[in-house]
Every structure is written in C-alpha cells, then in structure tokens.
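Undergrad: heads up, no residue letters with this:
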C-alpha cells in the first residue's frame, strides 16, 4: 500500500523524535515501541516491513552508516540497558561477544 500526499519523513528525523536524551554519559531512552525484551524498534518506512532495532539505527546514524544495509552484525550495549540508544553506549561485535556479555552481566 503506497502512501498518498506528503512524502514520508526521513528515518533520522522520525528516530531522534522518539529519543529522550540525557547527558553524554547517561542512557538516552527510546520512548516508542519496544519488544518484549525492552529493545526499541522503529518501522523502516511507511510501507512497514520488519521493524529496525532502535539501538542499531542509533549506531548507524552516529557512524554515517545506512541503517537498512549496514554490515555490522551485532550492536552491543555497554550499559546493558536495552532501551538505551546513546551511541556512546553502543559498540559493534559478534554474536559470540554478545553471548559473553549476556553471561557476564547476568552473573553479577
């Protein structure tokens, strides 16, 4: 289904409008739709499709990458807060890195 009338807003504009920013070292909270596990999600565009993970979009936008095609496999939270989209709290990694982080964080 195509949208009529105004063109869709760019992803970056829609994205940052849904973020509650705090200080540079604090978590920036995603205020819109979230998964059952608390991870933010945003629609790709008005034609929908599978939503994008908000923290992956934040990482991509901060590093000049295209959130739809970025090759980074996993974007990890240093803060272990799934609602956080502060690019300073996000880093690339592998599935193995993410699994180790999960075990380490839950083991505390």
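TA: On my side now, so go ahead. Treat the numbers as computed from the prediction; the structure is a model and nothing was measured.
Undergrad: I figured residue 20 was touching residue 28, is that so?
TA: Yes. With contact defined as CB atoms under 8 Å, residue 20 counts as touching residue 28 (6.6 Å). To be clear about C-beta, it is placed using only N, CA and C from the backbone, and glycine gets the same treatment.
Undergrad: so where's this structure shaky on pLDDT?
TA: Applying pLDDT under 70 to the chain picks out residues 1-7, 46-48, 107-108.
Undergrad: what ranges do the helices span in it?
TA: 11-16, 54-62, 95-106 (DSSP state H).
Undergrad: So which of those helices is nearest residue 87?
TA: Closest to residue 87 of the helices of the chain, according to CB to CB: helix 54-62, at 3.5 Å.
Undergrad: Contact partners for the nearest residue to residue 86 once chain neighbours are set aside?
TA: Spatial nearest neighbour of residue 86, chain neighbours left out: residue 28 (4.0 Å); criterion: CB to CB, 6 or more residues apart in numbering. Neighbour list for residue 28: 19, 20, 21, 22, 58, 84, 85, 86 [criterion: CB atoms under 8 Å, 6 or more residues apart in numbering].
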